[in-house]
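J.: Build the 3D model from these lines:
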Amino acid sequence: MSSGTQTERKSFTALILAGSRPTGDPLARATGVSHKALVPLVGKAMLSHVIDALRRSNSIRRIIVCGINPANLNNGDLGHVLEAGDVTVVEGLSTPSASVNHVLHGMNDILPLLITTADHPLLSPEVIDEFCDRATQESYDAVAAVVPADLVRRAFPDSNRTYLRFRERAYSGCNLFGILTPAGLGAPAWFSRIEAHRKRPWRMISLLGPGVLVKFALGRMSLASVEKYASRKMGLRVTVIVLSRPEAGYDVDTVDHLKVADAVLRSQGVD
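T.: Numbers count the residues shown, from 1 in each chain. Take a look at the predicted model:
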């Protein structure tokens, strides 16, 4: 790929949600750090791995970290990460959707926006580019990503995950969302509610209405139907992107997840 083509593709702003719950995070406590984003993994904070993947992708022109005090980032590897000057750190608000809205309405030239989380250390440039390419193939206002559950199971057989079971296949969420147009500015509240129920699929689906929940419970709901109902409910052009790489569906919530991520990164030569 020529450098000119790469420059043309670098159209997305990336927003990394790095805030902590008001009560703190169990994984942060277990590893002795103040924020989950700072949990150490192969010699670096999880947040550093996410920033590195975004930097190495062909799709990201700007990176924003939201939800963590800049003073917490001045030491260690993150201090060196921020010295490059291509990462902006902004204040987070009380909820993920409030933080996203704060960024969307408080900063200029923000769209299209990719939203991810600091607990996604296996995120790769290939996943990011696939997501951004697919998100911009048609005229969508907002997008969310999933990956087939069988791919995740094969790649991470010793890791328990939560899956969404649809008529044709089961999927894992990816903590990857996109806001592509001004009309899509209303989507963060929905994405936040979806993310909050990611461990309880039936509650996630219930956001689309009781009839949709019944079809889901009976195994009659397809992913295409979810897109249709979500677009109608939100009043937007919404799609769900099915990604092809299992690492897209692997976030780190527990010490066991952290051990698996450590083994994967070391097998890739990351140190």
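
J.: ok, residue 145 touching residue 176?
T.: Yes. Between residue 145 and residue 176 there is a contact at 4.0 Å, judged by Cβ atoms under 8 Å. C-betas here are computed from N, CA, C, even on glycine.

J.: Could you pull out the residues contacting both of these two?
T.: Jointly contacting residue 145 and residue 176 under the rule Cβ atoms under 8 Å, 6 or more residues apart in numbering are 131, 243, 248.

J.: can I get these in TSV with distance to residue 48 and secondary structure?
T.: Shown next, in TSV, are these (distance: Cβ to Cβ, whole Å; DSSP: H, G, I helix; E, B strand; the rest coil):
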residue	distance to residue 48	secondary structure
131	20	helix
243	23	coil
248	19	helix
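
J.: Need the residues you listed in a markdown table (columns: pLDDT, neighbour count and distance to residue 115).
T.: Converted to a markdown table, those look like this (pLDDT from 0 to 100; neighbours: other Cβ atoms under 10 Å; distance: Cβ to Cβ, whole Å):
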| residue | pLDDT | neighbour count | distance to residue 115 |
| --- | --- | --- | --- |
| 131 | 97 | 27 | 11 |
| 243 | 97 | 22 | 15 |
| 248 | 96 | 29 | 14 |
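
J.: same question for stretch 165-172, mean pLDDT?
T.: Averaged across stretch 165-172, pLDDT comes to 87.

J.: Kindly report the same for stretch 181-193.
T.: Mean per-residue pLDDT for stretch 181-193: 77.

J.: and what of stretch 260-268?
T.: 94.

J.: And the helix or strand residue 225 falls within, what's buried?
T.: Assigning secondary structure by DSSP states H and E places residue 225 in helix 223-234. Neighbour-count burial for helix 223-234, counted by 16 or more other Cβ atoms under 10 Å, picks out 223, 225-227, 229-231, 234.
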